[in-house]
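Enquirer: fold the following, please.
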Amino acid sequence: MKRKDFRKPKLGALWQQLLRGDGGKGDRIVPPTGFTAQLTLFSAAAMAFLAVFALALALATGRLADRWSSELAGSVTVRVSAPLGEQQALTESVMGILRTTPGAGAPELLDDAQVADLLTPWFGPDVPVDALPVPSLIELPIASGDFDAEGLRLRLEAEAPGAILDDHTQWRRPLVSAANRLRALGVVSLALIAATSAAMIALAAKAALAANRQVIRVLRLIGARDITIATAFVRRFTHRAAIGSAAGTVIGLIAIAALPEMDAAGGFLTGLGFRGWSWLMPLLIPVVAAAVGFFATRWAALKMLGAVR
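Expert: Model prediction:
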């Protein structure tokens with residue numbers, strides 16, 4: 001076998017050596033403690049902790065986008081504006097039109113208290129609804145796919161001038177777009193965390209290899225193959241990455257579970273978490289971290305072993 005075959009262990013052979021093991025003899029090449037061990041464990045744990053929150057953010061914003069889209073798309077609002085003496089008659093006429101609209105549910109005319117609740121964020125809690133020229137608001141749920149918003153809009157323009165149909169498209173699109181961007185941000189964060197983990201593990205592996213340069217030379221002199229040396233480092237750092245990421249994942253899940261429930265506290269950040277089967281997804285983080293550790297250490301080992309003479 002040529003010398004270069006020893007210097008460049010192939011991925012398949014390295015993987016077989018990693019799975020088969022050697023009773024721990026090869027691991028003696030790698031220091032069990034020290035700066036590199038602490039750096040690998042800490043970085044893997046920290047990155048896994050952040051990955052849990054990035055994954056929770058991506059899933060939570062996905063649910064938020066679906067909820068906003070379904071809630072706003074599930075109903076339309078009709079605003080009825082008319083002179084004071086004609087307001088009630090025009091409102092009753094519009095209610096009659098809406099009751100006979102195919103695919104629509106029972107229309108609901110919002111009373112003064114409900115209108116005041118809608119105006120409170122802009123005008124405060126004491127809104128004089130009676131003194132303001134507020135149009136009548138009618139909420140119309142969509143009952144089936146037969147509902148034709150454009151057809152209803154044209155019918156209202158023809159039969160009830162002053163009635164305006166709002167299908168919430170102007171509000172729905174920016175909200176759903178913002179939620180989708182937040183979800184993409186969570187996915188990008190996961191990718192950056194994986195890249196950072198790979199860089200930190202590769203740095204630690206290269207530092208360990210450099211510190212054991214003389215040991216590697218002696219091992220080569222007594223007949224040790226590069227694949228044996230590389231396997232020792234890959235195994236040790238893969239195990240460290242898996243153990244550190246498992247600890248970080250557990251801490252992250254505990255932190256997520258400690259967040260208040262959305263129904264109890266309200267708000268977006270309180271909805272950050274996992275629901276149902278999605279609690280199983282963070283269990284993949286240690287597996288991914290181990291794979292990242294394997295390939296990062298393999299790359300570092302190939303670089304350093306090729307440089308050691």
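
Enquirer: so E139: helix, strand or coil?
Expert: strand (DSSP: H, G, I helix; E, B strand; the rest coil).

Enquirer: one more: L165?
Expert: Three-state secondary structure (criterion: three-state DSSP) places L165 in strand.

Enquirer: pairing partners for it in the sheet, please.
Expert: With DSSP bridges as the criterion, the beta-bridge partners of L165 are V78.

Enquirer: tell me the confidence at it?
Expert: L165 is assigned a pLDDT of 86 by the prediction.

Enquirer: what about it, distance to R153?
Expert: Between L165 and R153 the distance is 4 Å, computed by C-beta to C-beta, to the nearest Å. All C-beta spots, glycine's among them, are computed from the backbone N, C-alpha and C.

Enquirer: same check on L57?
Expert: Taking C-beta to C-beta as the criterion, L57 is separated from R153 by 38 Å.

Enquirer: who's more crowded, these two?
Expert: Set side by side, L57 and R153 give different neighbour counts by other C-beta atoms under 10 Å, the larger being at L57 (20 against 17).

Enquirer: touching, that one and I256? I think so.
Expert: No: in terms of C-beta atoms under 8 Å, L57 does not count as a neighbour of I256; the distance is 10.5 Å.

Enquirer: quick one: common contacting residues for these two?
Expert: Residues within reach of L57 and of I256 at once, by C-beta atoms under 8 Å, 6 or more residues apart in numbering, are L272.

Enquirer: count of neighbours near L182?
Expert: Neighbour count of L182, defined by other C-beta under 10 Å: 17.

Enquirer: just I201 next, same as before
Expert: Burial of I201, expressed as a neighbour count using other C-beta under 10 Å, amounts to 30.

Enquirer: report pLDDT for it.
Expert: I201 carries a pLDDT score of 87 in this model.

Enquirer: let me see the contact set for it.
Expert: When the contact criterion is C-beta under 8 Å, 6+ apart, the partners of I201 are 40, 43-44, 237, 241, 292-293, 296-297, 300.

Enquirer: how many residues are close by M304?
Expert: Neighbour count of M304, defined by other C-beta under 10 Å: 21.

Enquirer: verify the contact between it and A211 for me.
Expert: No: using C-beta under 8 Å, M304 and A211 do not qualify as a contacting pair, with a distance of 10.4 Å.

Enquirer: which helices and strands sit right next to the helix or strand harbouring Q38?
Expert: For Q38, the element it lies in under DSSP states H and E is helix 35-73. Using 3 or more C-beta pairs under 8 Å, 6 or more residues apart in numbering; DSSP states H and E as the contact criterion, the neighbours of helix 35-73 among helices and strands are helix 169-211, helix 226-257, helix 284-307.

Enquirer: among those helices, which is nearest A106?
Expert: Nearest of those to A106, taken as C-beta to C-beta: helix 169-211 at 22.5 Å.

Enquirer: okay, angle between the following helix or strand past that closest one and helix 226-257 too, please.
Expert: Note on helix 169-211: by DSSP H and E, the next helix or strand toward the C-terminus is helix 213-221. Here helix 213-221 points in a direction 130 degrees away from that of helix 226-257 (axes from the mean of the first three to the mean of the last three C-alpha atoms, to 10 degrees).

Enquirer: so helix 213-221 versus helix 169-211, what angle?
Expert: Taking the same axes, to 10 degrees, one finds helix 213-221 and helix 169-211 inclined to each other by 70 degrees.

Enquirer: what's the angle between helix 213-221 and helix 284-307?
Expert: What separates the directions of helix 213-221 and helix 284-307 is an angle of 70 degrees, with the same axes, to 10 degrees.

Enquirer: list the contacts for the residue sitting nearest the centre point of the chain?
Expert: Averaging the C-alpha coordinates of the chain gives a centre point, and the residue nearest to it by C-alpha atoms, centre = their mean is A58 (1.4 Å). When contacts are counted by C-beta under 8 Å, 6+ apart, A58 is found next to 183, 186-187, 190.

Enquirer: state the pLDDT value of the residue in the chain sticking out farthest from the centre.
Expert: When each C-alpha in the chain is compared with the mean C-alpha position (C-alpha atoms, centre = their mean), G85 comes out farthest, at 53.6 Å. The predicted local distance difference test score for G85 is 77.
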